[in-house]
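Visitor: Output the structure for:
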Amino acid sequence: MTNWELATLANGLRIVTTPMPSTQAVSVNIFVGVGSRSEPARLNGITHFLEHMVFKGTEKRPDAILIAQEIEGAGGTLNAYTNKEFTCYWNIVPFDRFPIALDVAADMLLHSKLEQEEIDRECPVVQQELKRNHDNPGAWAGRLIGTSVYGDQPAGWDVGGPVELIPTWKRPDFISHIGDWYKPSNIVVSIAGNVSHEQVMALAEPLFSGMAAGEIPTVAPYDPDISGPRIAIDTRAIDQCTMYLGLPMFGRDDRDRFAMRIMNDVLGGGMSSRLFREVRERRGLAYSVGAGYGYLADAGVFTVSAGVNRDKLKETISVCLEETEKLTSTLVPEEELRKAKDHNIGRFRLSLETAFSGGQRNGELLLTKGAIESVDDVVAQISAVTAEDVQAVARRIIRRGLLHCSVVGPDLDVAEIEAAMA
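Guide: Alright, predicted model coming up:
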């Protein structure tokens with residue numbers, strides 16, 4: 001049983017509606033299958049810059065203020081984000097303002113003016129955003145671990161690109177990028193909230209059916225033989241260290257993805273997790289500690305992270321590795337496994353309560369997987385994970401020979417970190 005309806009226009013653009021009659025909101029989400037790994041080195045970061053430019057004005061709404069007022073004047077919110085594999089433009093409005101919300105989103109996507117004057121004006125803004133990310137130790141350590149694991153290939157390049165490249169792009173670069181990637185077959189329009197599929201189609205089809213169909217370029221596949229430095233450090237005169245341990249892993253459609261969810265939950269998924277209990281509660285080494293993972297189509301990165309005092313860095317790395325490697329040698333006890341599955345299923349269900357979350361989930365799944373996994377199917381797959389499955393996925397990815405570490409903090413010593421990782 002599904003709670004969404006899907007239509008594909010003649011030009012290949014897909015429209016999915018997720019009716020949620022009990023909410024007062026409607027969320028409009030437009031996904032485009034282009035991110036930083038779609039870019040040549042010369043244009044690394046242009047997808048993110050383009051995301052900014054789409055808000056700067058259309059023929060119908062000539063400047064950023066007019067675009068914002070259409071949504072914010074109704075009490076709504078609008079924004080966008082870019083990652084390595086796709087871009088999303090979204091807004092949320094009261095349900096009775098859905099027609100204007102969809103019109104604004106389509107207008108931005110299809111009719112942005114991309115004036116050179118505005119590109120030049122936005123250039124320092126984008127640079128400031130990237131510099132702010134650099135100035136945030138936690139964000140920068142996270143970026144360093146991704147670059148270290150993936151290495152110097154499109155999958156490992158930063159979403160925002162190098163700061164020094166930003167001023168080199170001109171209007172024809174943006175126009176060409178749109179021409180290559182903003183094709184209907186590479187776009188999903190996902191609407192969720194107090195609206196019917198018939199209402200959505202009546203408004204969406206006239207807005208998007210005029211887009212010309214066309215093929216999109218291929219994306220360079222991930223090369224597992226390429227990786228970055230085993231240890232990446234950034235020494236700064238700050239009080240604490242942010243530490244990441246990272247390992248390469250499989251892509252988002254892999255058979256072990258549900259076992260991975262439970263392995264991550266057991267290890268670092270919350271205050272009941274092994275890392276939290278051992279690193280924080282028992283040893284008092286860190287305030288924040290946890291585990292996580294991120295997927296691409298054909299690759300992924302598994303991480304353990306912590307914020308620690310400098311004098312506890314080596315011990316924290318050693319303890320985190322010890323706890324992580326226990327998963328490869330000892331089966332998770334039945335009661336701990338049950339609690340992890342209950343926690344994971346509960347968080348999954350609660351994450352789908354809003355119009356925004358429903359529109360985001362279904363749009364992203366349709367774009368990246370070509371299909372939407374039902375909630376019941378996901379719950380059944382999580383419930384079916386066994387302790388043997390968890391151990392198998394742990395043995396598959398937890399290998400010291402592939403381990404990377406990034407640290408941002410004071411007085412860092414590579415030899416000390418190497419000793420902790422040995």
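Visitor: make it CA atoms for all contacts and neighbour counts henceforth
Guide: OK.
Visitor: how much space between Thr8 and Ala105?
Guide: Look at Thr8 and Ala105: by Cα to Cα, to the nearest Å, they are 18 Å apart.
Visitor: Oh, that last question was meant for His52, not what I typed.
Guide: His52 is 14 Å from Ala105, by Cα to Cα.
Visitor: Compare the two and say which is more crowded by neighbours.
Guide: Of the pair His52 and Ala105, Ala105 is the one with more neighbours under other Cα atoms under 10 Å, namely 22 against 19.
Visitor: my guess is the more buried one contacts Tyr89, does it?
Guide: Yes. When contacts are counted by Cα atoms under 8 Å, Ala105 is listed as touching Tyr89 (7.3 Å).
Visitor: hey, what's in contact with both of these two?
Guide: Counting by Cα atoms under 8 Å, 6 or more residues apart in numbering, the common neighbours of Ala105 and Tyr89 are Ile30.
Visitor: Could you point out which residue ranges in the stretch 251-400 of the chain have low pLDDT?
Guide: The stretch 251-400 of the chain contains no residues with pLDDT under 70.
Visitor: Strands along that one, start to end?
Guide: In the stretch 251-400 of the chain, the segments counted as strands under DSSP state E, counting those that start in this stretch are 286-295, 300-309.
Visitor: tell me the angle the first one makes with strand 300-309.
Guide: Translated: strand 286-295. 170 degrees (axes from the mean of the first three to the mean of the last three Cα atoms, to 10 degrees).
Visitor: Strand 286-295: which residues count as buried?
Guide: The neighbour-count criterion (16 or more other Cα atoms under 10 Å) identifies 286, 289-293, 295 as the buried residues of strand 286-295.
Visitor: residue contacts, Lys56?
Guide: Each residue near Lys56 by Cα under 8 Å, 6+ apart is listed here: 62-64, 67, 112-114, 118.
Visitor: can you do 10 Å?
Guide: Remark: with contacts taken as Cα atoms under 10 Å, 6 or more residues apart in numbering, Lys56 is in contact with 62-68, 108, 112-115, 118-119, 122.
Visitor: Give the single residue among these positioned nearest to Ser273.
Guide: Using Cα to Cα, Ala68 comes nearest to Ser273 of those, at 42.2 Å.
Visitor: Three-state assignment for that closest one, please.
Guide: Classification of Ala68 using DSSP: H, G, I helix; E, B strand; the rest coil returns helix.
Visitor: For it, grab the count of nearby residues.
Guide: 19.
Visitor: So what's the residue count around the spatially closest residue to it that is not a sequence neighbour?
Guide: Taking Cα to Cα, 6 or more residues apart in numbering as the measure, Ala68 lies nearest to Leu78, with 7.4 Å between them; neighbours along the chain are not counted. Leu78 is surrounded by 21 other residues when neighbours are defined as other Cα under 10 Å.
Visitor: okay but Leu78 is in contact with Val54, surely?
Guide: No. Using Cα atoms under 10 Å, Leu78 is not in contact with Val54, being 11.9 Å away.
Visitor: can you list residues touching both of the two?
Guide: 89, 105.
Visitor: tell me which residues in the helix or strand hosting Glu117 are buried?
Guide: Glu117 belongs to helix 116-135 when assigned by DSSP states H and E. Neighbour-count burial for helix 116-135 flags 119-120, 122-123, 126-127, 130 (criterion: 16+ other Cα under 10 Å).
Visitor: for the record, mean pLDDT for that helix?
Guide: Regarding helix 116-135, the rounded mean pLDDT is 96.
Visitor: what packs against it?
Guide: Where contact means 3 or more Cα pairs under 10 Å, 6 or more residues apart in numbering; DSSP states H and E, helix 116-135 is packed against helix 46-53, helix 137-150, helix 171-181.
Visitor: 7 Å instead, please
Guide: Where contact means 3 or more Cα pairs under 7 Å, 6 or more residues apart in numbering; DSSP states H and E, helix 116-135 is packed against helix 137-150.
Visitor: quick one on the thing from earlier: in a markdown table: the buried residues of helix 116-135, plus distance to Leu313.
Guide: Below are those laid out as a markdown table (distance: Cα to Cα, whole Å):
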| residue | distance to Leu313 |
| --- | --- |
| Ile119 | 43 |
| Asp120 | 43 |
| Glu122 | 40 |
| Cys123 | 38 |
| Val126 | 33 |
| Gln127 | 32 |
| Leu130 | 27 |
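Visitor: which ones are touching the residue nearest to the spatial centre of the chain?
Guide: Compute the mean C-alpha point of the chain, and by Cα atoms, centre = their mean the closest residue is Asn83, 5.8 Å away. Asn83 sits next to 35-36, 159 when contact means Cα atoms under 7 Å, 6 or more residues apart in numbering.
Visitor: From Pro248, how far off is the nearest residue to Asn362 once chain neighbours are set aside?
Guide: Nearest in space to Asn362, with sequence neighbours left out and distances taken as Cα to Cα, 6+ apart, is Ile372 at 6.1 Å. From Ile372 across to Pro248, the span is 26 Å (Cα to Cα).
Visitor: the more surrounded of these two?
Guide: Between Ile372 and Pro248, counting by other Cα under 10 Å, Pro248 is the more crowded of the two (24 against 17).
Visitor: Where does Thr17 sit: helix, strand or coil?
Guide: Classification of Thr17 into helix, strand or coil gives strand, according to three-state DSSP.
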